[in-house]
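**Q** I'll drop the sequence and a predicted model, then ask my questions.
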Amino acid sequence: MGAYHPECPERLDAISDRLIAAGLDSHLQHYTAPAATREQIARVHGARYIDEVEAASPETGLHFIDPDTALNPYSLQAARHAAGAVVKAVDLAMSGECTTAFCAVRPPGHHAERSRAMGFCLFNSVAIGARHACEVHGLERVAIVDFDVHHGNGTEEIFTGDPRVLMVSTFQHPLYPYSGLDNPSPLMVNIPLSPGSGGTEFRAAVTDHWLPALDKYRPQLILISAGFDAHREDPLANLKLVEADYAWVTRELLAVARKHAQGRIVSSLEGGYGLSALGRSVTEHVRELVAA
């Protein structure tokens, strides 16, 4: 995305290097993500929007869709494979081949609305995976959990009014994209956290709001928009989570999944821009998924 852009290739290197250093890599089954098909993407994004993104893809250089979100010649391919990774992981979870999965993908997706790219996001990968679970695997109740520091406005916009999807989230407020406070749907459980909030406030939000909503909904599959930019070392926000908080919330979600979803959790990378903190946090998240 150009020099100094926070959504950089080194993010995935930081994750893979840390997983190896922690001795976890040898306990993982690796899969190559296929590209999501146009049919799979079109369950979430309109045909006109898909055409516009394809037409905007440059042969050289960068094309900026908005001040934050750019396309280089490979971005469209990467976004298709990021969505395809979540679709593949859903298929693996539903078949029983892998009960839990983590998709180490770029670009992120949760800001992408039906007809709008924004916030580094082109296609909403988790939303595409959720719709795939409903349409192809016949699930009636899918939960999306979003602990990225930025509100998942795209996921909310896509699923508001869809009884097959519950969304629970925490995010810093006020902060980009300045949304998430005014959705009256009982299936949108958005909990804003004030700047400076840390593990105590985050855990209270999960315990008091997420877990009762999830238990009442009884999801058949849990998808996680796993952004790690609420970490205290992240340069783009002002929350104070640490690795232990990500490990804790993963354990809590695994307990819900065991109770209602046959243990099935698919997690996909969203934000996280402090490279060392990102690698450490993902490692603890994955450690819990492996232990399950």
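**A** Yes, it's here. Since this is a predicted model, take the numbers as computed values, not measurements.
**Q** contacts and neighbour counts: CA atoms only from here.
**A** Noted.
**Q** contacting residues for H45?
**A** 113-115, 123 (CA atoms under 8 Å, 6 or more residues apart in numbering).
**Q** please tell me how far it sits from G138.
**A** Using CA to CA, to the nearest Å, we find H45 at a distance of 20 Å from G138.
**Q** try G46
**A** 22 Å.
**Q** what does E233 give?
**A** Counting by CA to CA - E233 and G138 are separated by 41 Å.
**Q** buried sites along stretch 233-251?
**A** 233-234, 236-243, 245-251 (16 or more other CA atoms under 10 Å).
**Q** next one: stretch 209-222
**A** Quick answer for stretch 209-222 (16+ other CA under 10 Å): 209-211, 213-214, 217-222.
**Q** the residues you listed in strands, which ones?
**A** If you go by DSSP state E, those have 221-222 in strands.
**Q** which of the buried residues of stretch 209-222 sits closest to T283?
**A** I222 (19.4 Å; CA to CA).
**Q** which residues does the closest one bridge with?
**A** A143, I265 (DSSP bridges).
**Q** in terms of secondary structure, what does the helix or strand hosting A127 contact?
**A** Taking DSSP states H and E as the definition, A127 sits inside helix 125-135. Other elements packing on helix 125-135 under the criterion 3 or more CA pairs under 8 Å, 6 or more residues apart in numbering; DSSP states H and E are helix 38-42, helix 75-95, strand 142-146, helix 153-159, strand 221-226.
**Q** how about the helices in the stretch 151-292 of the chain?
**A** Remark: helices assigned in the stretch 151-292 of the chain by DSSP state H, counting those that start in this stretch are 153-159, 199-205, 211-217, 243-260, 275-291.
**Q** quick one: list the elements packing against the fourth one.
**A** In terms of contacts (3+ CA pairs under 8 Å, 6+ apart), helix 243-260 is packed against helix 199-205, helix 211-217, helix 275-291.
**Q** biggest strand in this protein by residues?
**A** Ranked by residue count and defined by DSSP E, the top strand of the chain is strand 165-172.
**Q** roughly how far is that one from the heart of the chain?
**A** Its chain's C-alpha centre and that of strand 165-172 lie 11 Å apart, by CA atoms, centre = their mean, to the nearest Å.
**Q** just name the most buried of the helices and strands packed on helix 243-260.
**A** Most buried of the helices and strands packed on helix 243-260, by mean neighbour count (mean count of other CA atoms under 10 Å): helix 275-291, with a mean of 21.
**Q** could you list every helix and strand that it packs against?
**A** Short answer (3+ CA pairs under 8 Å, 6+ apart): helix 275-291 packs on helix 10-21, strand 100-103, helix 243-260.
**Q** repeat the analysis, applying 6 Å as the threshold.
**A** helix 10-21, helix 243-260 (3 or more CA pairs under 6 Å, 6 or more residues apart in numbering; DSSP states H and E).
**Q** and those helices as TSV, adding mean pLDDT?
**A** Formatted as TSV, the helices and strands packed on helix 275-291 follow (pLDDT from 0 to 100):
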stretch	mean pLDDT
helix 10-21	98
helix 243-260	98
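**Q** just name the most buried of these.
**A** The most buried one of these (mean count of other CA under 10 Å) is helix 243-260, showing a mean of 19.
**Q** follow-up on the earlier one: could I get the helix holding A127 in PDB with only the CA atoms?
**A** Output in PDB follows, covering the C-alpha atoms of helix 125-135 (Å, rounded to 0.1, in the frame of the first residue of the first chain):
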ATOM      1  CA  SER A 125     -14.400 -11.800   4.200                       C
ATOM      2  CA  VAL A 126     -16.200 -12.800   7.500                       C
ATOM      3  CA  ALA A 127     -19.600 -11.700   6.100                       C
ATOM      4  CA  ILE A 128     -18.900 -13.800   3.000                       C
ATOM      5  CA  GLY A 129     -18.100 -16.800   5.200                       C
ATOM      6  CA  ALA A 130     -21.200 -16.300   7.300                       C
ATOM      7  CA  ARG A 131     -23.400 -16.200   4.200                       C
ATOM      8  CA  HIS A 132     -21.700 -19.300   2.800                       C
ATOM      9  CA  ALA A 133     -22.400 -21.100   6.100                       C
ATOM     10  CA  CYS A 134     -26.100 -20.100   5.800                       C
ATOM     11  CA  GLU A 135     -26.700 -20.600   2.100                       C
END
